[in-house]
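Peer 1: Here is a sequence together with a model predicted from it:
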Amino acid sequence: MKRTSLVVLLLLVVILVGGYFTYDYLKKHPPGFLIQLLTATKPPPPLPDGALAPLEVRDDFTPVIFSREVPGARVMTRDPRGAMLVSLTSQGKVVVLNDADGDGLAEAPKTVLEGLKQPHGILTRCATETSCTLYVAETDALKSYAYDSASQTAQYHETITTFPSGDGHYTRTLLMHPDDKRLLVSIGSSCNVCKEKDPKRASVVAIDLATKQASVFAKGLRNSVFLALHPVSGDIWATDNGRDIIGDDIPPDEVNIIREGGYYGWPVCYGQNVYDEDFDASPSLAEPCTGFTPAHIDLQAHSAALGIAFIPEEGWPEELWHDVLLAYHGSWNRTEPTGYKVVRFDLDTAGNVRGGPHGFVTGFMPEGGSEDDAIGRPVGLLVEPGGTFYVSDDRAGAIYRISLNAPPR
């Protein structure tokens, strides 16, 4: 049975058993146990032996398995000495990966922090090469740690602020604002679609690091899991996941340019300010989407766009400069699965779309396969100068290193 049909069937079963729930309510607030049941899949097939990753990339790139020992890998960042810090959200850990012998493959991960509550966003700010603050966004709080990059250890410093948590989306992602004074945190909705009671839900929140005060930076964003800065304009870009259970091809997932004070439509509108009649069939306004900011890019519905990163100039082919890469984690409730790849949109220097999406890393899902057949699900992207980028995979528990081949001599 297709998962979309299974969603409806299970909702009806819950209604018959519970009696006092309504179908409309359950569509908007599907219980956690139901989501876990529907998104559960068989374990993925093991990754092959050897360094080469079983992925398809451009002929001028080579994919290798940088690490196969990072279950639940999500966000990646560098410490000041170049080691890779990774959040293992499902494991409650932050680990560090080293490549001491320079062979392009990581040694066994070293645990930096453990016993955390669904850690996702991680970010370092350093006064010196060895004296750093490591910020970790758990699902219910932002905490800071004194991080020593020489010993690769972290000591708890303080809890800066707390986040609404419990129901709904649990990831919290971090990005330093260009003013270098505020830390931005994305906080997803508590539901599939609803009017939130807590204004920090379905928003990007700004935290003033000097005063520790948190304020809503932008809202109407159902679940903007990853954020990135455009390399030319300095604008803040974010992916956003559209609601479920109204069709295979609506609403689109989105890429938004996040402006302070902006309202991006959810739960009332989506994409290019299209009204969600399933959410509210009787709008109180004649034009209910007026004044909302439309998506910068509409994406295939249910792709579950997560990681976002821009391609720099240094060491990359000129035709790729400033293009944006997106990691499609992949659908769980679509008649025909979609996503399960990294795509590229061709952009001009101002960030306007000239073409795409183009498949950039594929092979996570075999042709005609189901969710159970996926070998992995891409999550985070770390793009670096020199023609190298990394993709985290929380299904296979791996990180892939994809590098531009050295030109022939």
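Peer 2: Now that the structure is in, tell me what you want to look at.
Peer 1: leaving aside the residues next to it on the chain, what's closest to residue 240?
Peer 2: Leaving aside its sequence neighbours, residue 240 sits nearest to residue 254 (Cβ to Cβ, 6 or more residues apart in numbering; 4.3 Å). In short, each C-beta sits where N, CA and C put it, glycine included.
Peer 1: Can you list the strands that the helix or strand hosting the one you found pairs with?
Peer 2: Element membership of residue 254, judged by DSSP states H and E, is strand 253-258. The pairing partners recorded for strand 253-258 under DSSP bridges are strand 236-240 (antiparallel), strand 297-299 (antiparallel).
Peer 1: And the residue nearest to residue 240, how close does it get to residue 87?
Peer 2: For residue 254, the distance to residue 87 equals 24 Å [Cβ to Cβ, to the nearest Å].
Peer 1: Between those two, point out the one with more neighbours.
Peer 2: Of the pair residue 254 and residue 87, residue 87 is the one with more neighbours under other Cβ atoms under 10 Å, namely 32 against 26.
Peer 1: For the more buried one, list each beta-bridge partner.
Peer 2: So, taking DSSP bridges as the rule, residue 87 has residue 94 as bridge partners.
Peer 1: contacting residues for it?
Peer 2: Residues near residue 87 by Cβ atoms under 8 Å, 6 or more residues apart in numbering: 73-75, 93-94, 119-122, 136.
Peer 1: Residue 179 is in what secondary structure piece?
Peer 2: Using DSSP H and E, residue 179 falls outside every helix and strand.
Peer 1: Read off the pLDDT value for it.
Peer 2: If you check residue 179, the pLDDT there is 97.
Peer 1: so how far is residue 209 from it?
Peer 2: Distance, residue 179 to residue 209, by Cβ to Cβ: 10 Å.
Peer 1: Looking at these two, which has the bigger crowd around it?
Peer 2: residue 209 (17 against 8).
Peer 1: what's the distance between residue 54 and residue 389?
Peer 2: Residue 54 is 17 Å from residue 389, by Cβ to Cβ.
Peer 1: Tell me which of these two has more neighbours.
Peer 2: Just comparing residue 54 and residue 389: by other Cβ under 10 Å the higher neighbour count belongs to residue 389, 23 against 16.
Peer 1: List phi and psi for that one.
Peer 2: phi -140, psi 160 (degrees, to the nearest 10).
Peer 1: Any idea what it is bridged to?
Peer 2: Listed by DSSP bridges, the beta-bridge partners for residue 389 are residue 383, residue 402.
Peer 1: okay, now the closest residue to residue 222 other than its chain neighbours: neighbour count?
Peer 2: Residue nearest to residue 222 in three dimensions, not counting chain neighbours: residue 266, with 4.3 Å by Cβ to Cβ, 6+ apart. When neighbours are counted by other Cβ under 10 Å, residue 266 registers 28.
Peer 1: Then residue 336?
Peer 2: Neighbourhood size, residue 336 [other Cβ under 10 Å]: 11.
Peer 1: cool, the one 5 residues further on as well?
Peer 2: Using other Cβ under 10 Å as the criterion, residue 341 is surrounded by 23 other residues.
Peer 1: Can you give me the distance of it to residue 393?
Peer 2: Applying Cβ to Cβ, the value for residue 341 to residue 393 is 12 Å.
Peer 1: try residue 150
Peer 2: From residue 150 to residue 393 the distance is 30 Å (Cβ to Cβ).
Peer 1: How about residue 100?
Peer 2: Taken as Cβ to Cβ, the span from residue 100 to residue 393 is 23 Å.
Peer 1: ok, now residue 159?
Peer 2: Note on residue 159: its distance to residue 393, by Cβ to Cβ, is 30 Å.
Peer 1: Next: residue 27.
Peer 2: From residue 27 across to residue 393, the span is 31 Å (Cβ to Cβ).
Peer 1: More neighbours: these two, which one.
Peer 2: The residue with more neighbours, out of residue 27 and residue 393, is residue 393; 30 against 20, by other Cβ under 10 Å.
Peer 1: need the contact list for residue 250.
Peer 2: By Cβ under 8 Å, 6+ apart, the neighbours of residue 250 are 242, 270, 274, 301.
Peer 1: So what's the residue count around the last one?
Peer 2: For residue 301, the number of neighbouring residues by other Cβ under 10 Å comes to 24.
Peer 1: mind checking the SS state of it?
Peer 2: coil (DSSP: H, G, I helix; E, B strand; the rest coil).
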